[in-house]
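>>> here you go, sequence then predicted model.
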Amino acid sequence: MGERIVVSTIGHLWHARNSPPPAVTHHTNKPTHPTHVQSNGARKALEDLVEESRRKYAERDLQRTVIYSADQYGNWRRTRSRPIRPLSTIVLDGSTKQTVLCDALEFLKNEKWYADRGIPYRRGYMFYGYPGTGKTSFVTALAGELKLNIYVISLANKGLTDETLTELMVDTPPRCILLLEDIDAAFVSRSLTSTVSATTRPGTPAENQNSGSIVTNVTFSGLLNAIDGVAAQEGRILVMTTNHIEKLDPALIRPGRVDVKVLFDKATRAQVKDLFVQFFIKPPVPATDETIVQSSIFEDNPSALEDLAMQFSQRVPEKGVSMAAVQGHLMRYKSSPEDAVKEAEAFVQSVLGSQLPQ
Ligand SMILES: Nc1ncnc2c1ncn2[C@@H]1O[C@H](COP(=O)(O)OP(=O)(O)OP(=O)(O)O)[C@@H](O)[C@H]1O
């Protein structure tokens, strides 16, 4: 039955829901469950209400990054929206952030350039490297900066086939980020697979090398077709992420499919320092009165924060730990940057001790 809204002539409004709200809606924003609106003669009030709601909803989405996920039936479902993550909160090595942003902006404004040369209007990025180094977070922040929504496909979704993948491609809006995460989990290089599993052989579903179980029902050729076949949308930005680029089939990462490869490595000291400053420059969570005093020191004296950040970064080895691990440590001491510095060595020891070889 869906939802029921009643508008009366004297301005009262009833909104009745007979079933739980749908978890998700399609990317066209058409509700998957109907909403019934009933007006006791107040047609104008009703129209205004609907228009106002539509406007507010669209306005709210402008401040947010909306994430759609593929279901096994070949439909996009709106799974969540989150406030735009500022790009400034992502700390990458050197000029990586700026380079990727400029590349994407350049792409988005040059549709005609591609058309004039008969080059498919698409751009592909491969973000690869150590876990917890910001690959997914950067995609989210980039989407916010470019004002694009994110469409996520998990190849591990067993219901997904070559056909449903093609349908999803057809149904992707012209401007969006299409995200294929942990691509190595489904497709590894032909040369690395055993003769039996032939994981990425065209037309064969990918199998897990160790167990032989099917990890996806999408074939390698089906995936390549989805990326750059006729159904693939013009204007879309494809981002694939992996922790193991060396395991990928070269066909998947050849130019045209992947135009820009970006390495996400463990944190440099410069990154650690920047993250520390960024973490503590904003008012900390007030735990005690003392904490509040500390925060005002930084506001009046940013060089004190710089000094602490420098001391902290010097206690962390260059490219020794991931940014996620550093963030986890800072979270533990979110009310006391001094303690975060004091405990830095113990933190590093515990991370290095627990790190598994990649
Ligand atoms: N470079 C970075 N700058 C700022 N925050 C970071 C960075 N790298 C990681 N983080 C933080 O660490 C957490 C994990 O990051 P994220 O999921 O983006 O890493 P990932 O590289 O995608 O990991 P995985 O390969 O395991 O999926 C997030 O909360 C994020 O805020």
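Structure's in. What do you need?
>>> going forward, measure contacts between C-alpha atoms and count neighbours the same way
Noted.
>>> just the C-alphas of whichever helix in the chain runs longest, formatted as PDB.
Ranked by residue count under DSSP state H, the longest helix found in the chain is helix 43-62. Output of helix 43-62 as PDB, limited to C-alpha atoms (Å, rounded to 0.1, in the frame of the first residue of the first chain):
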ATOM      1  CA  ARG A  43      -5.800  20.800  -4.500                       C
ATOM      2  CA  LYS A  44      -3.600  23.900  -4.500                       C
ATOM      3  CA  ALA A  45      -2.300  23.300  -1.000                       C
ATOM      4  CA  LEU A  46      -1.500  19.800  -2.100                       C
ATOM      5  CA  GLU A  47       0.400  20.800  -5.200                       C
ATOM      6  CA  ASP A  48       2.400  23.400  -3.200                       C
ATOM      7  CA  LEU A  49       3.200  20.700  -0.600                       C
ATOM      8  CA  VAL A  50       4.500  18.300  -3.300                       C
ATOM      9  CA  GLU A  51       6.500  20.900  -5.100                       C
ATOM     10  CA  GLU A  52       8.000  22.200  -1.800                       C
ATOM     11  CA  SER A  53       8.900  18.700  -0.800                       C
ATOM     12  CA  ARG A  54      10.500  17.900  -4.200                       C
ATOM     13  CA  ARG A  55      12.500  21.200  -4.000                       C
ATOM     14  CA  LYS A  56      13.700  20.600  -0.400                       C
ATOM     15  CA  TYR A  57      14.700  17.000  -1.300                       C
ATOM     16  CA  ALA A  58      16.700  18.100  -4.400                       C
ATOM     17  CA  GLU A  59      18.300  21.000  -2.400                       C
ATOM     18  CA  ARG A  60      19.300  18.600   0.400                       C
ATOM     19  CA  ASP A  61      20.900  16.300  -2.100                       C
ATOM     20  CA  LEU A  62      23.000  19.100  -3.500                       C
END
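>>> any chance you could map the helices in this structure?
Here the chain has its helices, by DSSP H, at 43-62, 96-108, 111-117, 135-146, 162-170, 220-228, 269-281, 289-300, 302-314, 323-332, 337-342, 344-354.
>>> and the longest one, what does it pack onto?
This points to helix 43-62. Helix 43-62 is packed against no helix or strand, with contacts defined by 3 or more C-alpha pairs under 8 Å, 6 or more residues apart in numbering; DSSP states H and E.
>>> now do the buried residues in the longest helix of the chain.
Using 16 or more other C-alpha atoms under 10 Å as the test for burial, helix 43-62 gives Ala45, Leu46, Asp61, Leu62.
>>> could I get the contacting residues of the nearest residue to Tyr114 once chain neighbours are set aside?
Nearest residue to Tyr114, sequence neighbours excluded (C-alpha to C-alpha, 6 or more residues apart in numbering): Tyr121, at 5.7 Å. Tyr121 makes contacts with Glu111, Tyr114, Ala115, Glu234, Gly235, Arg236, as judged by C-alpha atoms under 8 Å, 6 or more residues apart in numbering.
>>> before we move on, back to that, now tell me which of the helices of the chain the model trusts least on average.
With a mean of 55, helix 289-300 has the lowest mean pLDDT of the helices of the chain.
>>> give me every residue that touches the spatially closest residue to Val260 that is not a sequence neighbour.
Nearest non-adjacent residue to Val260, counting by C-alpha to C-alpha, 6+ apart: Tyr125, 4.9 Å away. Taking C-alpha under 8 Å, 6+ apart as the criterion, Tyr125 is in contact with Ile237, Leu238, Val239, Met240, Val258, Asp259, Val260, Lys261, Val262.
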